[in-house]
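Trainee: predicted model, plus sequence, below.
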Amino acid sequence: MQIHRPVFDALIGERKEGSVQVDWTPREALPAQVDEEIDFDGDGQTDFRIVLDTQTLAATLTPYAPPVMGLESVNRVDEKLVVRVQIRNLKGVQQ
Amino acid sequence: MLCLPMLLLSAMMLLGGQGGTGDPLQLLAGGVTWAAMNAVFFLMLLTGKTNRYRSVLFIAVAVGFVITFITNLLETRGSMILTEANTIAGETPFCHLVIPMIIIPAAITRTIIFPGSLLTGFANIASMVVLWLGFSLALGRGWCSWGCFYGGLDEGFSRVAKRPLIKRIDRKWIYLPFAVLLVVVLTSALALSPTYCEWLCPFKAVTEFAEITSFTAVVQTIIFVALFLGTVIVLPILTKRRVQCGLFCPFGAMQSLINKLNIFEVRIDTQKCVECERCVKACPTFSLDEGSLDSGKPLLTCTKCGQCVDVCPKQAISYHIKGTPLGVRLNAARLLFLYPAFLLMVAMTPIKCRSTARCSMR
């Protein structure tokens, strides 16, 4: 599993809202259901839990931390299963 | 003899990368394209007519591009629809129309705001930007009549009717592409996403478009199709002009602005000109008016297609190299322009992209 950096990129400063991407790879080796607790900001606290059916791509997101807004998308991309989660930017808000 | 450099250079460009594939059909297609293109170049030099032959090839390249592009998409993806997965995977082919929108974000955030591949695969960002830089320096807005693989579509439709049904178009409209350019550059920088591609590109109708999964996507698709029908088909037929290129395209507007950097231009010899205005009526991109005949220069939107050069009964219009005396060595100036211009057309010929696309889009 790979957790990408949260993306709040703006032309100047950062946006109020953005997303974080989590990949599971290789897709073929995944179990029928993935159930994972994610700490995307690396503070030692679980931010959300995702339960994902790897065949149908049906997913359920349970937010644990205030920045987590909801599920943005689930996709099969090459050898990966890619989940994007909408998040709020709680620091450095300029827009 | 004058065709020899083009024979060799075009052979390198069309056949060079395919010799190793061992696919006889690819070689045959490349060979036929090479022969046809060089026959056209030979006719250009032999007859002294530029636009008559350029136009045929330009339209053929555009039609060939659309057919090849759609065929590739159907073969590799199964449809023309660009899914979110394709976007995440960076599988969107990059086209030159995006370039005005990526410059400011690239300079400020060091991010290319396009979901394509930077270095690898079909129509990657780096190769298109390098092509654009090189040929823009050489040709300026000549890109729009020699290299743009979309321009041939509205040029083709502009040749359908014998006479224009709409003859007078307010000159103010020629500023619309500059307004579109300003809007898409600013909105793309603010949104960090290419807004022209998302909302305004008429050519989405014949290339690829976003998967229709929301009301927004429905509206976008309606806009793409309406703009394609309006600016690429209907208005070019009614006006006999390249309406999309002359009155809408923001990339063309940018090329007009950077046109000053290159050495080639079209000039009118005011001593020879009898002001018959055939050139004004014939110019496909609204780049000549009565003022041009007085000043001896077309407007900055001139795409150097050569139509005015061909139709002038007094040979008063010619290709010219900036800084050289007007009216001397006309053939040399034309030839020096034709080499890079024709090479650009060869570079944009779709026959090459078929093999690379097949490899990269799977």
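Mentor: Yes, it's here.
Trainee: quick check: residue B:128 touching residue B:92?
Mentor: No: between residue B:128 and residue B:92 there is no contact under CB atoms under 8 Å: 12.0 Å. Yep, even glycine has a C-beta here, placed from its N, CA and C like the rest.
Trainee: can you list the low-confidence ranges for chain B?
Mentor: Counting by pLDDT under 70, chain B has low-confidence residues at B:16-22, B:351-362.
Trainee: write out the residues of it neighbouring chain A.
Mentor: Counting by CB under 8 Å from any CB of the partner chain, the residues of chain B lying close to chain A are B:83-85, B:88-89, B:104-105, B:108-109, B:111, B:189-190, B:192.
Trainee: ok, now which ones touch the residue of chain A found nearest chain B?
Mentor: Proximity to chain B, evaluated over chain A using CB to the nearest CB, is greatest for residue A:75 at 4.1 Å. Listed by CB atoms under 8 Å, 6 or more residues apart in numbering or on different chains, the contact set of residue A:75 reads A:57, A:81, A:82, B:83, B:84, B:85, B:88.
Trainee: can you show me the strands along chain A?
Mentor: Applying DSSP state E to chain A gives strands spanning A:2-3, A:7-9, A:14-24, A:33-38, A:48-53, A:59-63, A:68-77, A:80-88.
Trainee: CSV for the ones you listed, including distance to residue B:69?
Mentor: Shown next, in CSV, are the strands of chain A (distance: least, CB to CB, whole Å):
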stretch, distance to residue B:69
strand A:2-3, 33
strand A:7-9, 30
strand A:14-24, 29
strand A:33-38, 37
strand A:48-53, 35
strand A:59-63, 34
strand A:68-77, 22
strand A:80-88, 26
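Trainee: looking at those strands, spot the one closest to residue B:119.
Mentor: Closest approach to residue B:119 among the strands of chain A is made by strand A:68-77 (18.7 Å; CB to CB).
Trainee: just the angle for the closest one relative to strand A:33-38, thanks.
Mentor: Here strand A:68-77 runs at an angle of 130 degrees relative to strand A:33-38 (axes from the mean of the first three to the mean of the last three CA atoms, to 10 degrees).
Trainee: buried ones in strand A:68-77?
Mentor: Residues of strand A:68-77 classed as buried by neighbour count (16 or more other CB atoms under 10 Å in any protein chain shown): A:68, A:69, A:71, A:72, A:73, A:74, A:75, A:77.
Trainee: what's the nearest residue to the residue in chain B that chain A sits nearest to if we skip its chain neighbours?
Mentor: Nearest residue of chain B to chain A (CB to the nearest CB) works out as residue B:85 at 4.1 Å. Using CB to CB, 6 or more residues apart in numbering or on different chains and skipping the chain neighbours, the partner closest in space to residue B:85 is residue A:75 (4.1 Å).
Trainee: so what pLDDT did that neighbour get?
Mentor: pLDDT, residue A:75: 93.
Trainee: where does residue B:152 land in three-state SS?
Mentor: helix (DSSP: H, G, I helix; E, B strand; the rest coil).
Trainee: quick check: it touching residue B:54?
Mentor: No: using CB under 8 Å, residue B:152 is not in contact with residue B:54, being 9.9 Å away.
Trainee: would you confirm that residue A:85 contacts residue A:61?
Mentor: Yes: counting by CB under 8 Å, residue A:85 touches residue A:61, with 6.5 Å between them.
Trainee: and which of the contacts of residue A:75 is nearest residue A:9?
Mentor: residue B:88 (15.7 Å).
Trainee: so the residue nearest to residue B:85 bridges to which residues?
Mentor: As for beta bridges, residue A:75 partners with residue A:82 under DSSP bridges.
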